[in-house]
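A.B. asks: Provided below for reference: sequence and predicted model.
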Amino acid sequence: LGHWPAAIGLLGFGLAELCFAAGREPAPLAILAIVYLVVQLVGMSLYGVEPWTRRADAFGVYFSLFARLSPFGRRPDGTLVARLPGAAATGLWTGACTVALLVVAIATTAFDGAKEGPVFSDAAPWLQDRFLGLGASRGFALELAFVAGYAATIALVALIWWVAVEGMPRVRAGLGRPELARRLVHSLIPIVAAYVLAHYFSLLAYNGQDAVRLASDPLGDGADLFGTATRTIDYGVVSATGIWYVQVAALVIGHVAALVLGHDRALVLYGSARAAARSQLVMLIAMVCFTCLGLYLLSAANA
């Protein structure tokens, strides 16, 4: 199965969270969590706990990508060792499903920012009218407009990656573009991390405090299990300027790290520093496009 179940699971999470209103309500979320648990248990029983969690558990695979950027790791015998940040990314098992997983991961965060910006805000009513014309109710038509926007964002990210790979010189006979894409896709991991940190840092700093309140009222039905249901958010924990610096630094560092990983793999594929550098020219442009997209989303969200 490769990473296909994880990619599909991440896509499903993105649809529920970003496109459908019911996906943000406590009761439907609780049902989705139970369904997710059942799927994981069935998958583990069919394929084994370790193979399933390493390849198919959407959140397990997603967070393991970030773990590969850690400066610490463990040897097979369990010994804790220090390593270069991102070094473990080169050991990622890859297939066409891995490319899909990372494209969906980037696009999910990108669309979460884009849907608040002027481009989608202007396009959403037009899309909604089109779906209304097809017979959908007003609410469902708006949800379908969000689905269309999400799909367009996935297509845009996939297009940027496809152009980057297509622009690289042919390595040798037998190593086609799909294989080249798989060999280099691990370089997208720092971009996924950069987008997540840049987009969700303010959410963590502010809304993360809400976990204390939500623990007392998890289903939104007025319960107060731990006496913390009335806790409020302290917006003074970090300034808007501090958040901006963290966001920009995350994007810049993440994309530089992606270029380093891509160049490292190109050295292996092309055999010389000169050939590797030339092969990465279009990849550099693609990374700049990802950086510009991230900065645009930040500026649009903060406008």
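C.D. replies: Thanks, I have it.
A.B. asks: contacts for stretch 228-245?
C.D. replies: 201-202, 205-207, 209-210, 212-213, 215-217, 222-224, 298, 302 (Cβ atoms under 8 Å, 6 or more residues apart in numbering). From N, CA and C alone the C-beta is placed, and that goes for glycine too.
A.B. asks: change it to 6 Å
C.D. replies: Around stretch 228-245, the neighbours that count as contacts under Cβ atoms under 6 Å, 6 or more residues apart in numbering are Ser202, Ala205, Tyr206, Gln209, Val212, Arg213, Ser216, Asp217.
A.B. asks: and if you look at stretch 263-275?
C.D. replies: Outside stretch 263-275, the residues within contact range by Cβ under 6 Å, 6+ apart are Val171, Leu184, Ala276, Ser279, Gln280.
A.B. asks: and the contacts of stretch 228-245, which are buried?
C.D. replies: Buried members of the contacts of stretch 228-245, scored by 16 or more other Cβ atoms under 10 Å, are Ser202, Ala205, Arg213, Asp217.
A.B. asks: Strands of the chain, start to end?
C.D. replies: Along the chain, the segments classed as strands by DSSP state E run 72-74, 80-82.
A.B. asks: Deepest in the core, which of those is it.
C.D. replies: Each of those was given a mean neighbour count from mean count of other Cβ atoms under 10 Å, and the largest, a mean of 12, is that of strand 72-74.
A.B. asks: wait, what's in contact with Ala100?
C.D. replies: Residues near Ala100 by Cβ under 6 Å, 6+ apart: Ala7.
A.B. asks: Could you pull out the buried residues of stretch 142-156?
C.D. replies: Judged by neighbour count (16+ other Cβ under 10 Å), stretch 142-156 contains these buried residues: 142-150, 152-154, 156.
A.B. asks: Of these, which is the nearest to Asp129?
C.D. replies: For the buried residues of stretch 142-156, the closest approach to Asp129 (Cβ to Cβ) belongs to Ala145, at 9.0 Å.
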